[in-house]
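Chemist: Any chance you can model this:
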Amino acid sequence: KLYTGGGDCCVKVFDLRANTAKCLTKLKVHSGPVTCLRVVNDVVFSGSWDGSLFSYNLSEGAGKRYQAPTMSEPPAVLGVEVVGGMMYGVYRDGNIRAWSLKGNPEPKPACLMLA
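Modeler: Numbers count the residues shown, from 1 in each chain. Prediction:
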């Protein structure tokens, strides 16, 4: 499978086994261009110029949005990494924000770290 994101604000999953690279899934989960992707098992993590991160479980067909709170214009997400039960977003303002992926807490940062 090939996972892409771009200026159309969508995350797409393609089947490369087909001669035509058939698009299997198209997720319109961001309001700005997709700037980064990470795939862990069957979960796609994406970040966007709109300042949000999104996790989408392809097997379950369900996803969740993560946005830094109290920002009128959130900085763009430039990178996303998943380590253990944590998701880390690298932001254009120089900060790294971390969210716990365990349980079902409110989608707000578990901690803020200055780069």
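Chemist: Strands along this structure, start to end?
Modeler: Ranges of strands in the chain, per DSSP state E, are 2-5, 10-15, 22-28, 34-40, 43-48, 52-57, 62-67, 77-83, 86-91, 95-100, 111-114.
Chemist: show me what contacts residue 55?
Modeler: Shown in contact with residue 55 (CB atoms under 8 Å, 6 or more residues apart in numbering): 43, 44, 45, 63, 64, 66, 87, 101. Using the backbone N, CA and C atoms, a C-beta is placed for each residue, glycine as well.
Chemist: Am I right that the second one is in contact with residue 4?
Modeler: No - because the distance of 10.4 Å does not satisfy CB atoms under 8 Å, residue 44 is recorded as not touching residue 4.
Chemist: which residues does the residue nearest to residue 63 when sequence neighbours are not counted bridge with?
Modeler: In space, and not counting its chain neighbours, residue 63 is closest to residue 56: 3.7 Å by CB to CB, 6 or more residues apart in numbering. Beta bridges link residue 56 to residue 44, residue 63, judged by DSSP bridges.
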